[in-house]
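Undergrad: Quick one, what's the 3D model for this:
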Amino acid sequence: MYHFFADPSDISGRDIYLRGEDYNHIKNVLRMKQGEVISVSDGVSGNEYRCHIEDYAEDFVHCRLDFIKEKDTELPVKVYLFQSLPKGDKMEFIIQKTVELGVTKIIPVASKRCVVKLDEKKARSKTERWRGIAEAAAKQSMRGIIPEIGEVLPFEEALKYAEILDIRLIPYELASDFGKTRDIIEGLKQDQSLAIFIGPEGGYAEEEIAAAENAGVIPVTLGRRILRTETAAMTVMSWLVYRLES
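TA: Next up is the predicted model:
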């Protein structure tokens, strides 16, 4: 079944309207007919609106609600991924996979050893593209929300942003005691917020780890092997899915 997102203002009683790219995709790409059933979420409540296509207008699809289903696709813990900017198209891959695994928000971070340097114009352009990738991944994985992609932040500002979150972790290759990592993850409680800081290809500078520790962020190990930046975030998210949904 195809899954789409509608603006909350486009859901009124039993009437649901899909516009823009979704309208074009449903009508001209999928060529869906009247009566065909689709799944719609408002991106906020997490509910799934199961509906059928009623008719097409000039610039929107008119759907009629059949029933509302409370979705259980969201993790019980809100996960904020602070991802240092990687090279090439790795960020797109990271966004796609972590959205599939249940991340709540992704904040791109410009840390000291990032090879990629974005000026304001490029950062805006990249962010818009990343948001489109997050929405597509949310549709594919039947998420109830579209995870937000934040603006690119310097590392110091990212630490300040994370201060309001309940638990803050920073995987670091010189950290040890895997039991500590396991205990933190197993100790997570429903509705807590969790920050995960992931470094770039060259890792974090020592002064960044020191700044993170001073800000209350806990260095943890992800195991005995050194993981690529695009592997580290998925590893943590996979652990969380296993811990929180089993």
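
Undergrad: Now the terminal residues of stretch 31-46, how far apart.
TA: This stretch, stretch 31-46, spans 27 Å end to end (C-alpha to C-alpha, to the nearest Å).

Undergrad: List the buried residues in that stretch.
TA: The neighbour-count check on stretch 31-46 (16 or more other C-beta atoms under 10 Å) flags Met32, Ile38, Ser39, Val40, Ser41, Asp42, Gly43 as buried. Just so you know, the C-beta spots here come from the backbone N, C-alpha and C atoms, and that holds for glycine as well.

Undergrad: starting at the chain centroid, how far to that stretch?
TA: 21 Å (C-alpha atoms, centre = their mean, to the nearest Å).

Undergrad: Need the contact partners of it.
TA: Stretch 31-46 is contacted by residues 1-8, 11, 16, 18, 26, 47-55, 63, 66, 70-71, 73-74, 142-146 when judged by C-beta atoms under 8 Å, 6 or more residues apart in numbering.

Undergrad: Next: stretch 5-19.
TA: So stretch 5-19 is contacted by 4, 22, 26, 40-45, 49, 51, 59-65, 135, 138-139, 146 (C-beta under 8 Å, 6+ apart).

Undergrad: now, which of the residues you listed lie within strands?
TA: Using DSSP state E, Phe4, Val40, Ser41, Tyr49, Cys51, Phe60, Val61, His62, Cys63, Arg64, Leu65 are the members of those that sit in strands.

Undergrad: Run through the residues that contact the fifth one.
TA: With contact taken as C-beta under 8 Å, 6+ apart, Cys51 is in contact with Ile16, Val37, Ile38, Ser39, Val40, Cys63, Arg64, Leu65, Asp66.

Undergrad: Can you tell me who the third one pairs with across the strands?
TA: Under DSSP bridges, the beta-bridge partners of Ile38 are Cys51.

Undergrad: In the contacts of Cys51, find the pair that's most separated.
TA: Across these, no pair lies farther apart than Ser39 and Arg64, at 13.7 Å, counting by C-beta to C-beta.

Undergrad: List the buried residues in the lengthiest helix in the chain.
TA: Ranked by residue count, the top helix of the chain under DSSP state H comes out as helix 120-140. Residues of helix 120-140 classed as buried by neighbour count (16+ other C-beta under 10 Å): Ala123, Lys126, Thr127, Trp130, Arg131, Ile133, Ala134, Glu135, Ala137, Ala138, Lys139.
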